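A.B. asks: one predicted model, sequence on top.
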Amino acid sequence: MARVLDDMPYRPCVGVALFNDHGHVFVARRRPDKGPEYRDAVYEWQMPQGGIDPGEDPYNAALRELYEETNIRSTKLLAEAPDWFNYDLPMTVLGKALKGRYRGQTQKWFALRFTGEESEINVIAPGGGVHKPEFVEWRWERLEKLPGLIIPFKRGVYEQVVTTFTPFAARD
């Protein structure tokens, strides 16, 4: 099975660490009916993230995914992670998750500042109500708590995000 895994590519994706004025980051709880890579009753929270379309610039993909998942457009770029962060799917969902074509994801992460009003945020009818919701609720959270909220196989990526974007986080 290791050889099969080695032959599978990573799906190119983006992730967004969206900070409010207090240095807390946006997290949302995934819908329970999402794909097999998301089923975990304990670790249901994550930051916005998603695939990069063919030919799409990663930053533009991050803005698009943020809007499609949260309805948010009011942002300011703070930083781009210098590296791509990878995770592998667990063997229990390999071949089922991500349409069975990928071993995991390689993600380019961006830190953004939310510049709008919270009334702009809508995870139930995101993208102006055009997109199917991926989340059922959201909240602002301390950056350093995020690795403990994410599904375990993505935890290494979230630890890298925390390390990379700590300068934008609350220090109280």
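C.D. replies: That came through, no problem. Bear in mind the structure is a predicted one, so any value in this text is a computation, not a measurement.

A.B. asks: output the contacting helices and strands for the longest strand along the chain.
C.D. replies: Ranked by residue count and defined by DSSP state E, the top strand of the chain is strand 75-88. Contacting strand 75-88 under the criterion 3 or more C-beta pairs under 8 Å, 6 or more residues apart in numbering; DSSP states H and E are the following elements: strand 10-19, helix 58-70, strand 104-114, helix 155-165. Yep, even glycine has a C-beta here, placed from its N, CA and C like the rest.

A.B. asks: make TSV out of these and add mean neighbour count and distance to Leu149.
C.D. replies: Output for these, formatted as TSV (neighbours: other C-beta atoms under 10 Å; distance: least, C-beta to C-beta, whole Å):
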stretch	mean neighbour count	distance to Leu149
strand 10-19	23	13
helix 58-70	20	16
strand 104-114	22	16
helix 155-165	18	8
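
A.B. asks: for Pro90, find the nearest of these.
C.D. replies: Pro90 sits nearest to strand 104-114 of all those, at 9.4 Å, using C-beta to C-beta.

A.B. asks: next secondary structure element downstream of the closest one?
C.D. replies: Counting by DSSP states H and E, the element after strand 104-114 in chain order, helix or strand, is strand 135-141.

A.B. asks: closest one to Glu137 among the helices and strands packed on strand 75-88?
C.D. replies: The nearest among those, by C-beta to C-beta, is helix 58-70 at 11.6 Å.

A.B. asks: got a markdown table for the helices and strands packed on strand 75-88, with distance to Gln49 and mean pLDDT too?
C.D. replies: Output for these, formatted as a markdown table (distance: least, C-beta to C-beta, whole Å; pLDDT from 0 to 100):
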| stretch | distance to Gln49 | mean pLDDT |
| --- | --- | --- |
| strand 10-19 | 4 | 94 |
| helix 58-70 | 7 | 97 |
| strand 104-114 | 6 | 95 |
| helix 155-165 | 9 | 96 |
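
A.B. asks: just to revisit the earlier point, buried ones in the longest strand of the chain?
C.D. replies: 75, 81, 84-85, 87-88 (16 or more other C-beta atoms under 10 Å).

A.B. asks: hmm, back to that, tell me which of the helices and strands packed on strand 75-88 lies nearest to Gly148.
C.D. replies: So among those, helix 155-165 is nearest, using C-beta to C-beta, at 8.2 Å.

A.B. asks: low pLDDT regions in this structure?
C.D. replies: 1-6, 33-42, 91-100, 171-172 (pLDDT under 70).

A.B. asks: again, only this time at 80
C.D. replies: Applying pLDDT under 80 to the chain flags residues 1-8, 32-42, 90-103, 170-172.

A.B. asks: find the centremost residue of it, please.
C.D. replies: Gln49 (3.0 Å; C-alpha atoms, centre = their mean).
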